[in-house]
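> Fold the following and give me the result.
(chains A and B)
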Amino acid sequence: MDELELLKKRWQAQESSLPNYKSTEIYEMLHKKSSSIVKWIFLISIFEFIFWFVIEFIGMSQSVNESLKELDLQTFYRVTLVVNYVVIIAFIIKFFFNYRQIQTTDTVKSLMKTIVKTRLTVKYYVWFNIIFFAITSIVSVVVTLNHLDNINSQSFWLSILISIAILGFIILIIWAFYRLLYGILTRRLLINYKNLKKIEL
Amino acid sequence: MIKQQEHQFVELLETHQNIVHKICRLYTHDESSHKDLFQEITVQLWKAFPKFRGDAKFSTWMYRVALNTAITLYRKRKRSITTSDIDQINFKIASEVYDDTVEENLKLMYSAIKELNDIDKALVFLYLEDKNYKEISETLGITEVNARVKMNRVKTKLKRILNP
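Modelled structure (predicted):
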């Protein structure tokens, strides 16, 4: 087959037209992929933390404060707030350590391990947020309903059912929000992980 | 220790980078994706570097890991290429003087090769690199007989494209 042989000849003569990267450029290319994803997870968690902090700050008006007082929920509110922030800060620190670890890792195996660890941290983080939100909301709803004096048992249970439905819907939205926010990044990590598995000959 | 290993790796890659560039040229359609794939292959080579024990030639090992990376990554990113792709970007092979028909046929064949499936493309790549069937089969992890059969099929396919 003449053409294929001719192409082979030309193919081998193309060396001079190929790009030539310097060692510094190659150094830059190393460590970039998974570490940049983990860095984004870390940064997004900080932005998210700031976002909720600001929302909390804006939402905490005088009237909200008064209704908390009225419902005897002030202590509960303060305790959950502290627990929430402490746990979230712990998660952010964990995300930071994952990022540090992935930057210094040097073998396929340890990189794969860090990827698994990061994905797991994100999963726990999302579940913590959802469960925490569910518990605090349920407690608030029950306490609020208990404070309503002129409510019969039928309307009490109806209100509980409606609240559960609304709560379920909100949790679904929060879950979707996290899937969108972190899902894209963790999926990319998973693809990287799978590729590493294949490449580890 | 790691720094020293990294230095050794970068030096080896710098010396043998043409292999990676040629793979990128075959598997991508423009300069930016060429660079992306080069970077991806670089990262994967580095991650797999501790597995390289020096009992094979660095270049042979590099063919294997780099082709695996290209195949894995570009499996889902197929798109049909147009002849303008080839005219503008990919047919930068050093020119000699040939008549128009031969030139046209080469372009046609190159475009046909770029549209082959990933494994066949890897096979043709190694063939163009003048590797024998033993080396091809070792690099791609298939038997020598299988490599020959596949290559003959590809040749027939290409022949049919050039002489419909």
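> tell me the domain boundaries of chain B?
Listed by automatic domain parsing, the domain ranges of chain B are B:1-80, B:81-164.
> Point out the most buried one among the ones you listed.
With neighbours defined as mean count of other CB atoms under 10 Å in any protein chain shown, the domains of chain B peak in mean count at domain B:1-80, which reaches a mean of 18. All C-beta spots, glycine's among them, are computed from the backbone N, C-alpha and C.
> could you point out where the chain is predicted with low confidence?
I went with chain A, as the question did not name one. Low-confidence segments of chain A (pLDDT under 70): A:1, A:28, A:31-33, A:60-63, A:105-108, A:195-196, A:198-201.
> Oops, wrong one, chain B.
Ranges of chain B meeting pLDDT under 70: B:1-3, B:75-99.
> Helices along the chain, start to end?
Since no chain was named, I'll use chain A. In chain A, the helices defined using DSSP state H lie at A:2-12, A:23-29, A:33-59, A:62-70, A:74-104, A:108-147, A:153-199.
> You answered for a different chain; I wanted chain B.
Under DSSP H, chain B gives helices at B:2-27, B:31-48, B:58-74, B:83-85, B:100-114, B:118-128, B:133-140, B:144-162.
> Serialize these to JSON lines and add fields for distance to A:Phe95.
Output for those, formatted as JSON lines (distance: least, CB to CB, whole Å):
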{"stretch": "helix B:2-27", "distance to A:Phe95": "24"}
{"stretch": "helix B:31-48", "distance to A:Phe95": "21"}
{"stretch": "helix B:58-74", "distance to A:Phe95": "27"}
{"stretch": "helix B:83-85", "distance to A:Phe95": "41"}
{"stretch": "helix B:100-114", "distance to A:Phe95": "41"}
{"stretch": "helix B:118-128", "distance to A:Phe95": "36"}
{"stretch": "helix B:133-140", "distance to A:Phe95": "40"}
{"stretch": "helix B:144-162", "distance to A:Phe95": "46"}
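> Pipe those helices into TSV and attach distance to chain A per row.
Below are these laid out as TSV (distance: least, CB to the nearest CB, whole Å):
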stretch	distance to chain A
helix B:2-27	4
helix B:31-48	4
helix B:58-74	5
helix B:83-85	16
helix B:100-114	5
helix B:118-128	4
helix B:133-140	11
helix B:144-162	6
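> Figure out which of the domains of chain B is closest to A:Phe76.
Of all the domains of chain B, domain B:1-80 sits nearest to A:Phe76, with 49.0 Å by CB to CB.
> follow-up on the earlier one: turn the helices of chain A into a markdown table, columns for mean neighbour count and distance to B:Arg25.
Shown next, in a markdown table, are these (neighbours: other CB atoms under 10 Å in any protein chain shown; distance: least, CB to CB, whole Å):
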| stretch | mean neighbour count | distance to B:Arg25 |
| --- | --- | --- |
| helix A:2-12 | 16 | 9 |
| helix A:23-29 | 16 | 17 |
| helix A:33-59 | 15 | 21 |
| helix A:62-70 | 11 | 63 |
| helix A:74-104 | 15 | 31 |
| helix A:108-147 | 17 | 26 |
| helix A:153-199 | 14 | 21 |
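> what's the closest of these to B:Leu108?
For B:Leu108, the closest of those is helix A:2-12, at 8.7 Å, according to CB to CB.
> and the angle for that closest one with helix B:118-128?
Counting by axes from the mean of the first three to the mean of the last three CA atoms, to 10 degrees, helix A:2-12 lies at 80 degrees to helix B:118-128.
> other SSEs contacting helix A:2-12?
Under the contact definition 3 or more CB pairs under 8 Å, 6 or more residues apart in numbering or on different chains; DSSP states H and E, helix A:2-12 sits against helix B:100-114, helix B:118-128, helix B:144-162.
> what's the angle between the longest one and helix B:100-114?
In terms of direction (the same axes, to 10 degrees), helix B:144-162 departs from helix B:100-114 by 130 degrees.
> which residues sit against helix B:144-162?
A:1, A:3-4, B:105, B:108-109, B:112-113, B:116, B:119-120, B:123-124, B:127, B:133-134, B:136-137, B:140, B:142 (CB atoms under 8 Å, 6 or more residues apart in numbering or on different chains).
> do you know how far A:Phe42 is from A:Ile184?
Note on A:Phe42: its distance to A:Ile184, by CB to CB, to the nearest Å, is 15 Å.
> Please read the previous query as pertaining to A:Ile115.
From A:Ile115 to A:Ile184 the distance is 15 Å (CB to CB).
> what's the answer for A:Val87, then?
24 Å.
> ditto for B:Tyr63
From B:Tyr63 across to A:Ile184, the span is 33 Å (CB to CB).
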